[in-house]
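# Quick check, what structure comes out for this input:
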Amino acid sequence: MKKNKLMIMTAMLFLLASILIACNKSTTKPSETENETEKAEVEQQTDETRSFETERGTVEIPTKPLRIVTDYYGGELLSVDANVVGVEPTAFDNPFIKDLLKDAVEIGTPVNIEKVLELKPDLIVVMYDENYEQLSKIAPTIHIPYGTATNIQETIKLFADITGNHEEADKFISKFDQKAKEGREKLSAVIDADATFGIYELTDKGDLWIFGDNAGRGGQALYNALELNMPHENNNEEQTLQLSMEVLPEYAADYMFLTTYDPEKKGEALKNLKDSSVWQGLDAMKNNRVFYNDFDTYYRYDPIAIYEQIDLFVDMLIENPTK
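Residues are numbered from 1 along each chain as shown. Next comes the predicted model:
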C-alpha cells in the first residue's frame, strides 16, 4: 500500500514538473509577431547613414529610411515604394495615390511641427523650406526645390537615391516605358504625325495659360511619353505662358486640352471662354477636338500620375482620330 502511494506521488510530482517547464517555455518564447516587431525596431535603430548633398549642404540620412514625411513629394516617394507616413493635404485629392495614402497622416500647410513630431519620422523631404530648421531638429531633412528634376526618369532616379530603393525604381521605369510604347503604337494608327497638341489652363479670374512638358497638366505624358507635337516652340525654361484672347489663335493646337482652376466651382470663367467668338472660331472647336479635363486629375505630375495619364490621353485621342 505504501509502495503504491509512493509511486502515485512520484508520478504526480513528475507531471507537475513537466507542466511548470512547459509553462516557462511558453511564457519566455516570443511570438512571431513579437520577433518581427523587435527585428524592425532593431533595423531602424541600427540603420546606417550616408551623406546626401543638397542646396543647403550635406545631410546625413538613413541608407534605408523607414518613416518619411514630406510637404509635397508623396507621389514621387510612393513611386519608388517608400513608406510615406505624413504628407501635405492636397495629396489626398490626388486620385492616383489617395488609396496608397490610407495609412498616412495629413501634416498641414504650412507643415505642422507638432504633427510631424508625433509621427517620429527618420527622414523628412520638403519642397518648401520655411520650416527647415525646425524640421531638421526632428529628423534629417532634405530640401528638394521645385524643378530639380525635369522629367520622369530624373525624378525616379532622384527619389531612388534618397530612399535607397533602386530596384523598385528600375521596376517602375520599366513599367512606365512599356506603357508609353504601347500608347505610341496605339496612336500611330489613328493620329496624323503632323498633328499638334496643346495643354491650356483657365483660372477662376479668367486668365488663360499654355503649358509645356514639365509643369503638370499632363505635359510629361503627352509630350515625353507619347512624343506628340507641341503647338509652339518650348525651350524648357518657359514652361508656362499667359495668353490673351488676341494671341490665342497663334498658340492653338489641332487638339486642345483645357483644365480650369476654379476652387469655388463658380463656372463663370469657363462659360465666358466657351461663349467667346475667338474660342468658337478655333479649328479644334470646329472639329470637336477640345477636351475639358478635371483639374485634380491633370494637375498632378508625380510619376504615378504621369503613368496613369498616358492611358487617359490615349483613350481621348482614339475616340477623335485625325486619320
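# So which residues of the stretch 101-250 of the chain form helices?
In the stretch 101-250 of the chain, the helices defined using DSSP state H, counting those that start in this stretch lie at 113-119, 132-136, 152-163, 166-188, 219, 248-251.
# if you compare those, which one is most tucked away?
Mean neighbour count (mean count of other CB atoms under 10 Å) peaks for helix 219 among those, with a mean of 24. All C-beta atoms are positioned from the backbone trio N, CA, C, and that covers glycine.
# who does it touch, helix- and strand-wise?
Using 3 or more CB pairs under 8 Å, 6 or more residues apart in numbering; DSSP states H and E, no helix or strand is in contact with helix 219.
# What average pLDDT does that helix get?
Computed over helix 219, the mean pLDDT rounds to 95.
# what residues does it touch?
199, 211-213, 239, 301 (CB atoms under 8 Å, 6 or more residues apart in numbering).
# Below-threshold pLDDT in this structure: ranges please.
1-47, 234-238 (pLDDT under 70).
# in it, which residue is closest to the centre?
residue 75 (1.0 Å; CA atoms, centre = their mean).
# How about the backbone phi and psi for it?
phi -70, psi -40 (degrees, to the nearest 10).
# Excluding sequence neighbours, find me the nearest residue to it.
residue 302 (2.6 Å; CB to CB, 6 or more residues apart in numbering).
# what does residue 79 give?
residue 303 (3.9 Å).
# Was I right to think that neighbour contacts residue 176?
Yes. The pair residue 303 and residue 176 qualifies as a contact (CB atoms under 8 Å) at a distance of 7.0 Å.
# if I look at those two, which residues touch both of them?
Common neighbours of residue 303 and residue 176 (CB under 8 Å, 6+ apart) are residue 152.
# ok, and what's touching stretch 247-259?
So stretch 247-259 is in contact with 192, 195-202, 208, 210, 217-218, 222, 230-232, 241, 243, 278-279, 281-284, 287, 289-295, 298-299, 313, 316-317, 320, 322, going by CB under 8 Å, 6+ apart.
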